[in-house]
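Q: Quick one, fold the following:
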Amino acid sequence: MDIDITAYLIIGPENTMGRPVESIVEDAIKAGFTCVQIRSKIASVRELINCAARCADKIDELKMSDKVALLINDRLDVALAARMNGVKVDGVHVGQDDIPVEVCRKYLGDNAIVGLSARRNDLFDYVKTNDFSNINYFGIGPLHKTTSKPDAGRLSDGSMITRSFDELSELAKITPVPIVVGGGVTVEDIPSLARTGAGGFFVISSVCSAANPYLAAKELIECWKSNRSK
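A: The predicted structure follows:
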């Protein structure tokens, strides 16, 4: 399927304030979110498969299975196991230090979605010199330091790299696939982010930890749309 990365939700059981993952996913999709990634550093393989199944069922219930992509973070084994159990998993998202995208593509097939995170300080050189033929989109961040992904942007010496809007505008121009930007993104960032040329934004806490996830997601979507056209 084609992927729409305009509004991209990353979610796992540790992010929902005790609420069911699928209920947050439902709120986000009803508000207009276009992509869901299951990500957890604490859940077991079986828990991840069950989580993916519940989210896939909810997406199907909303009649959005052909429009909203469901991805698994990092775990190609989980994506394959879920598919073998009949779960509609559309692909995976991996980091540069995870399983190679070529392997993901081989096992998931040409029609799967494969996303790649950017974690390098020499990101411009990476974009100019690497092959992007096996990925559908490029995840870039963090925009800010974030508690949801505390190691995002951290270099081997412990220092942190965050991305400026000027950098993002340039990266959007030179990257051969769409870029999606996140890392502590809030609604206050959306006007500037929407004007960088990025394909979309990704969030965790801004929706998953909100008192009303639907209203939080809706506010992000409406802000993106109103500033994207300017």
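
Q: how close does the closest residue to Leu143 other than its chain neighbours get to Leu168?
A: Spatial nearest neighbour of Leu143, excluding adjacent residues (CB to CB, 6 or more residues apart in numbering): Gly183 at 4.7 Å. All C-beta atoms are positioned from the backbone trio N, CA, C, and that covers glycine. Shown here: Gly183 relative to Leu168, a distance of 11 Å by CB to CB, to the nearest Å.

Q: ranges for the strands of the chain?
A: 7-11, 35-38, 69-73, 91-94, 113-118, 137-140, 179-182, 200-203 (DSSP state E).

Q: If you drop the residues flanking it in sequence, what lies closest to Glu14?
A: That would be Ile42: by CB to CB, 6+ apart, it lies 5.5 Å from Glu14.

Q: for Leu123, same thing?
A: The shortest distance from Leu123 to any non-neighbouring residue, by CB to CB, 6+ apart, is to Leu171 (6.9 Å).

Q: Count the residues that sit near that neighbour.
A: Residues near Leu171, counting by other CB atoms under 10 Å, number 21.

Q: Likewise for Ser169?
A: By other CB under 10 Å, neighbour count at Ser169 equals 15.

Q: and what of Ile5?
A: Neighbourhood size, Ile5 [other CB under 10 Å]: 24.

Q: How much space separates it from Arg46?
A: 29 Å.

Q: So Cys208 versus Gly109, what's the distance?
A: For Cys208, the distance to Gly109 - CB to CB - is 30 Å.

Q: What of Arg163?
A: Distance from Arg163 to Gly109, by CB to CB: 32 Å.

Q: More neighbours: which of the two?
A: Arg163 (20 against 10).

Q: The lowest-mean-pLDDT helix or strand in the chain packs against which elements?
A: When each helix and strand of the chain is scored by mean pLDDT, DSSP states H and E, helix 123-129 comes last, with a mean of 88. Helices and strands touching helix 123-129, by 3 or more CB pairs under 8 Å, 6 or more residues apart in numbering; DSSP states H and E, are helix 165-174.

Q: Go again with 10 Å.
A: With contacts defined as 3 or more CB pairs under 10 Å, 6 or more residues apart in numbering; DSSP states H and E, helix 123-129 has these neighbours: strand 137-140, helix 165-174.

Q: Could you say which of the ones you listed is packed most deeply?
A: Mean neighbours per residue, mean count of other CB atoms under 10 Å, is largest over the helices and strands packed on helix 123-129 for strand 137-140, with a mean of 25.

Q: That one: partners in the sheet, and parallel or antiparallel?
A: Using DSSP bridges, the strands paired with strand 137-140 in its sheet are strand 113-118 (parallel), strand 179-182 (parallel).

Q: wait, which of those is closest to Leu80?
A: strand 113-118 (13.2 Å; CB to CB).

Q: Compute the inter-axis angle for the closest one and strand 7-11.
A: Counting by axes from the mean of the first three to the mean of the last three CA atoms, to 10 degrees, strand 113-118 lies at 80 degrees to strand 7-11.

Q: Burial check on the residue nearest to Asp189 when sequence neighbours are not counted, number of neighbours?
A: Nearest-residue entry for Asp189: Leu143, 6.1 Å, with adjacent residues in sequence omitted and distances by CB to CB, 6+ apart. Leu143 has 24 neighbouring residues, counting by other CB under 10 Å.

Q: Leu143 and Leu9: what is the separation?
A: In terms of CB to CB, Leu143 sits 16 Å off from Leu9.
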